[in-house]
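Undergrad: What follows is a predicted protein model with its sequence.
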Amino acid sequence: MLEWFKALVPLLVAIVPLVVAVVQSGTKTQKDIGMLRGELAEHIKNGAEREQKQRRVRILRFADEVRRGKTASKEYWTEVISDVDDYRAYCLGHPDFINSKGEAAMEYLLDEYNKLMRGEKR
């Protein structure tokens, strides 16, 4: 039995540093994954905010067009009202997102849209 143990010692001496290296590598990998998750979350947040800002620009542009008397198709109205709904829902779910820039335009468009749906003249 002692001979068997003596033969095992050099093997253990060789394996222990490898095990330590694997454990350290796993810890580094976990840290890297955590860092990547944070970067991905930030990228997703920035992309979502950029999308909402583009919606807001479309809303503001369309409100200006309507105020100037430009006529728009039903499809255009539908798309913009969808933008208004999506923009407002995003703002409700993300209180840190500055959303006051388009409120007047959105209210104006919703009023005009409701008038159109009721068949009233603008």
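TA: Nice, I can see it. Just so you know, these numbers come straight off a predicted model, no measurement behind them.

Undergrad: for the top helix by length along the chain, packing partners?
TA: For the chain, the helix with the greatest residue count under DSSP state H is helix 2-67. In this structure, helix 2-67 makes packing contacts with helix 74-93, helix 103-118, judged by 3 or more CB pairs under 8 Å, 6 or more residues apart in numbering; DSSP states H and E. All C-beta spots, glycine's among them, are computed from the backbone N, C-alpha and C.

Undergrad: roughly how far out does the shortest one sit from the chain middle?
TA: How far helix 103-118 lies from its chain's middle: 28 Å, per CA atoms, centre = their mean, to the nearest Å.

Undergrad: and if you look at the first one?
TA: Taking CA atoms, centre = their mean, one finds the center of helix 74-93 at 17 Å from the center of the full chain.

Undergrad: Give me the pLDDT for K121.
TA: Listed pLDDT for K121 reads 65.

Undergrad: Fine, thanks again, bye for now.
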